[in-house]
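Peer 1: Quick one: sequence plus predicted model below, questions after.
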Amino acid sequence: GQQLNQSPQSMFIQEGEDVSMNCTSSSIFNTWLWYKQEPGEGPVLLIALYKAGELTSNGRLTAQFGITRKDSFLNISASIPSDVGIYFCAGHRSGGSNYKLTFGKGTLLTVNP
Amino acid sequence: NAGVTQTPKFRVLKTGQSMTLLCAQDMNHEYMYWYRQDPGMGLRLIHYSVGEGTTAKGEVPDGYNVSRLKKQNFLLGLESAAPSQTSVYFCASSPPSGGIYNEQFFGPGTRLTVL
């Protein structure tokens, strides 16, 4: 099945640093979602984006729906140790089934206190 | 609201044994999904259901069966477990899309080991 290209695969940063990660696709998506998965838990929805160019924030997290509709970005500002986890992007593809999402393979974030 | 719950949390099986994983949601969602998560592979869709009494195959359906007899429950069955089915299994649910809302809500997962 189709996959989203998510990068970087992993990041090791110092507490207080800002983080950026992104997802790209060769297909157009009409919804982009960002999830966080902590060890031993299921993914939890962080931010949902519905319009090209949309910029949405949730606390220290900011995500953007790319203008081309083929990419999305997630930024975390002033990272803290509890930001540790795997961040997944997911997209709903235009013209696809209304109930299936395509997932990226995740970005593993480690924050050094 | 408990959201999406999964039973059991952990299970160890021997090759050839069978088992059923139970997923329940109390959000009155129409759509439910079963995924497996393996290192480096991300989340892969096994089967899904768009309503009570209906099921469909996802990306990796072989070796699994599902049933959706009640709207709030979605069962995943392994008839004859194989070591390749060692994985973490996640259930998710979402409301009818009817428009722009495609968010899926996940359960806490079931960690299955097949020896």
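Peer 2: Cool, the structure landed.
Peer 1: Who are the contact partners of residue 43?
Peer 2: By default, I'm working from chain A. Going by CB atoms under 8 Å, 6 or more residues apart in numbering or on different chains, A:Pro43 touches A:Tyr35, A:Lys36, A:Gln37, A:Phe88, B:Leu43, B:Phe90, B:Phe106. From N, CA and C alone the C-beta is placed, and that goes for glycine too.
Peer 1: I was thinking of chain B, sorry if that wasn't clear
Peer 2: B:Leu43 makes contact with A:Pro43, A:Phe88, A:Phe103, B:Tyr35, B:Arg36, B:Gln37, B:Phe90 under the criterion CB under 8 Å, 6+ apart.
Peer 1: let's go with 7 Å and repeat that
Peer 2: A:Phe103, B:Tyr35, B:Gln37, B:Phe90 (CB atoms under 7 Å, 6 or more residues apart in numbering or on different chains).
Peer 1: One more: B:Leu78?
Peer 2: Listed by CB under 7 Å, 6+ apart, the contact set of B:Leu78 reads B:Ser18, B:Met19, B:Gly63, B:Tyr64, B:Gln85.
Peer 1: As JSON lines, these with secondary structure and neighbour count would be great.
Peer 2: Listed next are the contacts of B:Leu78 as JSON lines, based on DSSP: H, G, I helix; E, B strand; the rest coil; neighbours: other CB atoms under 10 Å in any protein chain shown:
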{"residue": "B:Ser18", "secondary structure": "coil", "neighbour count": "10"}
{"residue": "B:Met19", "secondary structure": "strand", "neighbour count": "16"}
{"residue": "B:Gly63", "secondary structure": "coil", "neighbour count": "14"}
{"residue": "B:Tyr64", "secondary structure": "coil", "neighbour count": "19"}
{"residue": "B:Gln85", "secondary structure": "helix", "neighbour count": "19"}
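Peer 1: Among those residues, which one lies nearest to chain A?
Peer 2: Chain A lies nearest to B:Tyr64 out of the contacts of B:Leu78, by CB to the nearest CB, at 15.8 Å.
Peer 1: Tell me, what's the model's pLDDT at that closest one?
Peer 2: Here the pLDDT value assigned to B:Tyr64 is 97.
Peer 1: what's the straight distance from one end of stretch B:104-115 to the other?
Peer 2: End-to-end span of stretch B:104-115 (CA to CA, to the nearest Å): 32 Å.
Peer 1: Note down every partner strand of the biggest strand by length in chain B and its orientation.
Peer 2: As assigned by DSSP state E, the longest strand anywhere in chain B is strand B:42-51. Partners of strand B:42-51 in the sheet, by DSSP bridges, are strand B:31-38 (antiparallel), strand B:54-57 (antiparallel).
Peer 1: Can you tell me which of these is packed in deepest?
Peer 2: Highest mean neighbour count of those: strand B:31-38, a mean of 24 (counted as mean count of other CB atoms under 10 Å in any protein chain shown).
Peer 1: For that strand, C-alpha coordinates in PDB please.
Peer 2: Extracted as PDB, the C-alpha positions of strand B:31-38 are listed here (Å, rounded to 0.1, in the frame of the first residue of the first chain):
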ATOM      1  CA  TYR B  31     -16.000   2.800  11.500                       C
ATOM      2  CA  MET B  32     -13.500   0.500  13.200                       C
ATOM      3  CA  TYR B  33     -10.100  -0.800  12.200                       C
ATOM      4  CA  TRP B  34      -7.500  -3.300  13.200                       C
ATOM      5  CA  TYR B  35      -3.800  -2.500  12.600                       C
ATOM      6  CA  ARG B  36      -0.500  -4.200  13.400                       C
ATOM      7  CA  GLN B  37       2.600  -2.400  14.300                       C
ATOM      8  CA  ASP B  38       6.100  -3.800  13.700                       C
END
